[in-house]
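Q: Provided below are the primary sequence and the corresponding predicted coordinates.
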Amino acid sequence: MLGHIIEDGATVLLYSLKGKSWLVKVDSRNEFHTHFGVIKFSDLVGKRYGDVVKTNSGQEMILLEPLLVDYLMKSERKTQIVYPKDIGLIIMETGIGPGSIVIEAGTGSGVLTTAVANFVRPTGKVYSYEIRPEFIEIAERNLKRAGLQDYVVIKNKDASQGFDETGADAVLIDVGAPWTLVKPAFDALKGGGALAAVLPTINQAEKLATELKKAGFVKVNTIELLCRSIEAREGMSRPATRMIAHTAYLMFARKSFLKVNTSYNENSCDGSEK
Ligand SMILES: C[S@@+](CC[C@H](N)C(=O)[O-])C[C@H]1O[C@@H](n2cnc3c(N)ncnc32)[C@H](O)[C@@H]1O
């Protein structure tokens with residue numbers, strides 16, 4: 001809850017006015033070292049979120065309570081991750097919410113898993129499939145740090161062999177060969193259930209859309225979300241010079257019992273219909 005007093009063991013976002021931030025766990029016996037100087041964790045205990053502390057070299061740090069987005073962006077990563085801008089639309093287009101049963105293939109660093117776990121609680125569950133055990137360990141650490149591990153079951157299994165669950169509200173796919181998961185996803189979803197895929201390349205999008213339509217998925221919708229920062233400064237506002245130009249294409253679809261569907265994309269990314 002925002003407004004709390006910081007206790008020993010709390011997780012805090014240290015935010016420097018130079019634009020850098022660190023997600024730290026307060027341990028009053030230790031110090032935290034940055035290139036802006038050293039902070040004694042004991043100085044944080046008893047402070048309010050929003051308070052300011054100084055490093056030993058006089059740099060100010062603001063103490064912020066971490067939001068979900070901070071946990072995601074400060075996750076330990078060994079794989080490509082899904083970015084918050086894309087996660088936001090995935091949540092909207094799949095209808096994931098409290099109580100949802102969600103299947104995910106591949107877990108990777110667990111960034112999407114962590115975000116979805118936050119939205120399905122308190123009664124929903126994420127069943128996440130990952131073939132590489134070393135990534136499962138990382139994902140589990142990320143989930144634990146965000147306090148969301150109880151809403152996720154990670155399985156060290158190849159998703160192309162099929163999912164154990166049926167009647168799922170949504171299936172999320174972020175693997176290199178997503179078309180191999182069309183049948184497993186169809187079998188696991190409830191009628192009308194939502195599929196979302198994260199696709200770094202347009203070739204994957206073409207192949208997946210074709211297979212989804214063949215399988216009877218409808219509302220097959222492919223979009224790319226571009227995120228451009230604006231430097232808003234009195235009298236001199238303008239877009240930032242640099243941006244991450246591409247994260248992934250996103251594809252959404254709904255399970256239908258129509259056998260062969262050759263329709264084209266039905267909606268545009270602004271939600272309008274043809
Ligand atoms: C790009 S990463 C996923 C990143 C994740 N969405 C995140 O936000 O952290 C893709 C992962 O899918 C896993 N993978 C690939 N094919 C798979 C399959 N058939 N079944 C399960 N996992 C698979 C890979 O090992 C890799 O960890």
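A: Everything's here; your move.

Q: and residue 194, what does it touch?
A: 93-95, 169-171, 252-255 (C-beta atoms under 8 Å, 6 or more residues apart in numbering). (C-beta placed from N, C-alpha, C; glycine too.)

Q: need the longest strand for the chain.
A: strand 189-199 (DSSP state E).

Q: Pairing partners for that one, with directions?
A: strand 168-173 (parallel), strand 249-255 (antiparallel) (DSSP bridges).

Q: now, which of the contacts of residue 194 sits nearest the ligand?
A: residue 171 (12.2 Å; C-beta to the nearest ligand atom).

Q: per-residue confidence for the closest residue to the closest one other than its chain neighbours?
A: Nearest residue to residue 171, sequence neighbours excluded (C-beta to C-beta, 6 or more residues apart in numbering): residue 185, at 4.2 Å. For residue 185, the pLDDT comes out at 98.

Q: Go ahead and confirm residue 185 touches residue 170.
A: No - the criterion here is C-beta atoms under 8 Å, and residue 185 misses it with residue 170 at 9.6 Å.

Q: For the two, list the residues in contact with both.
A: 103, 195.

Q: For stretch 225-242, give the mean pLDDT please.
A: On average, stretch 225-242 scores 96.

Q: hang on, the residue nearest to residue 171 in a helix?
A: Yes - counting by DSSP: H, G, I helix; E, B strand; the rest coil, residue 185 is found in a helix.

Q: list the contacts for it?
A: Residue 185 neighbours (C-beta under 8 Å, 6+ apart): 103, 163, 171, 173, 195, 255.

Q: my guess is the fifth one contacts residue 256, does it?
A: No - assessed by C-beta under 8 Å, residue 195 is found out of contact with residue 256, at 11.3 Å.

Q: any common contacting residues for these two?
A: residue 217.

Q: out of these two, which sits in the busier spot?
A: Neighbours were tallied for residue 195 and for residue 256 using other C-beta atoms under 10 Å; the higher tally belongs to residue 195 (30 against 16).

Q: Quick check: residues of the stretch 101-250 of the chain near the ligand?
A: 105-106, 108-112, 129-132, 135, 158-160, 174-176 (C-beta under 6 Å from any ligand atom).

Q: Filter the residues you listed down to the buried ones.
A: For these, a neighbour count by 16 or more other C-beta atoms under 10 Å gives the buried set as 105-106, 108-112, 129-131, 135, 158-160, 174-175.

Q: farthest pair in the residues you listed?
A: 111 and 160 (21.8 Å; C-beta to C-beta).

Q: Next up, the contacts around residue 269.
A: By C-beta under 8 Å, 6+ apart, the neighbours of residue 269 are 221, 223-225.

Q: got the domain boundaries for this structure?
A: Listed domain ranges for the chain are 11-66, 70-255 (source: automatic domain parsing).

Q: Contacts only, for the residue nearest the centre of the chain.
A: The chain has residue 112 as the residue nearest its centroid, 3.0 Å off, counting by C-alpha atoms, centre = their mean. Residues in contact with residue 112 (C-beta under 8 Å, 6+ apart) are 81-82, 87, 90, 104, 172, 174, 198.
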